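1. pasting the sequence and the predicted model now:
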Amino acid sequence: MTVTQISAQELFRAAYENRYTWDKNFPGYTADITYKYDEKVFTGKISIDAKMKWEVFDVADEEAKTAIGGQVWEIAVHRVRRSFEDTHGANTFRYGATDETGAIELLMGGKSEGDRYKLRNNEVCHVHRHIHGVVVTIDTFSSHETGEGYLSHRYDSVYHDPKTGEQKGGTSVFEDEYEKVGNYFILNRRVITTQTEGQTSVSEFIFSNIQLLEA
């Protein structure tokens, strides 16, 4: 069966269900965190429980604690397993263009009118979404294949004003590394390099001593 014989919704569902997520038996975990921002280094601990409630401990600096918390929230949000119907049941999908790399564009209607995605090799490689009053655009350059779905490895993100198109903030490039702990792949390192008006800043988050909680 060719792509043109598959509905846009079916194609997107396959890529959606190919993302790596934690299953219903995920017990949660704790980890030590080392956060490096330019020349500064902060350490502490984090936890995510079975219900995806997260916490940051033993970080005295409030700005550092907030930065770490933002990343732990991102981890929890992206590993939650939700059905396609729960997430995209109110959306419609139609085919857009296919670019020179072979990535297939899907245009959204319904609840997510105006959003668009690109798919390549059964993975989402481009996201353009309206969220919380801004437009976020994410391009993924490489991924990890776990055998249970893919995890993004290198990707960038940029925000724009939805009305004016003006860029808000810098462009950030992410590089993520994972390790398998028990039955679960867990982020152990994230480096974020942000370019803003000619200035470069680097944030590194290292998660070590990862321990699964008792089920």
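-> Arrived safely, thanks for sending. Quick caveat, the model's predicted, so the values are computed rather than measured.

2. which residues touch the residue most central in space within the chain?
-> Residue closest to the average C-alpha location in the chain (C-alpha atoms, centre = their mean): His78, at 5.5 Å. Going by C-beta atoms under 8 Å, 6 or more residues apart in numbering, His78 touches Thr21. The C-beta positions use only the backbone N, C-alpha and C, and glycine is treated the same way.

3. give me the helix or strand of the protein that scores worst on average pLDDT.
-> Among the helices and strands of the chain, helix 84-88 carries the lowest confidence by mean pLDDT, DSSP states H and E, at a mean of 88.

4. what is that helix packed up against?
-> Helices and strands touching helix 84-88, by 3 or more C-beta pairs under 8 Å, 6 or more residues apart in numbering; DSSP states H and E, are helix 8-17.

5. so which bits of the helix it packs on are buried?
-> For helix 8-17, the neighbour count (16 or more other C-beta atoms under 10 Å) marks Ala8, Leu11, Phe12, Arg13, Ala15, Tyr16 as buried.

6. from Tyr16, how far out is the residue nearest to the fourth one when sequence neighbours are not counted?
-> In other words, Arg13. For Arg13, ignoring the flanking residues on the chain, the nearest one in space by C-beta to C-beta, 6 or more residues apart in numbering is Phe84 at 5.0 Å. Plainly put, Phe84 is 5 Å away from Tyr16 if you go by C-beta to C-beta, to the nearest Å.

7. any stretches of this structure with poor pLDDT?
-> Residues of the chain that meet the criterion pLDDT under 70 lie in 1-5.

8. the strands in it, which residues?
-> Using DSSP state E, the strands of the chain run over 28-37, 40-49, 54-57, 91-98, 104-110, 116-120, 123-131, 134-145, 150-160, 167-181, 184-196, 199-212.

9. I'd like those strands as JSON lines, with distance to Ala64 and mean neighbour count appended.
-> Output for those, formatted as JSON lines (distance: least, C-beta to C-beta, whole Å; neighbours: other C-beta atoms under 10 Å):
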{"stretch": "strand 28-37", "distance to Ala64": "6", "mean neighbour count": "18"}
{"stretch": "strand 40-49", "distance to Ala64": "4", "mean neighbour count": "17"}
{"stretch": "strand 54-57", "distance to Ala64": "9", "mean neighbour count": "16"}
{"stretch": "strand 91-98", "distance to Ala64": "37", "mean neighbour count": "14"}
{"stretch": "strand 104-110", "distance to Ala64": "37", "mean neighbour count": "17"}
{"stretch": "strand 116-120", "distance to Ala64": "34", "mean neighbour count": "21"}
{"stretch": "strand 123-131", "distance to Ala64": "25", "mean neighbour count": "18"}
{"stretch": "strand 134-145", "distance to Ala64": "24", "mean neighbour count": "16"}
{"stretch": "strand 150-160", "distance to Ala64": "21", "mean neighbour count": "18"}
{"stretch": "strand 167-181", "distance to Ala64": "18", "mean neighbour count": "16"}
{"stretch": "strand 184-196", "distance to Ala64": "14", "mean neighbour count": "17"}
{"stretch": "strand 199-212", "distance to Ala64": "10", "mean neighbour count": "15"}
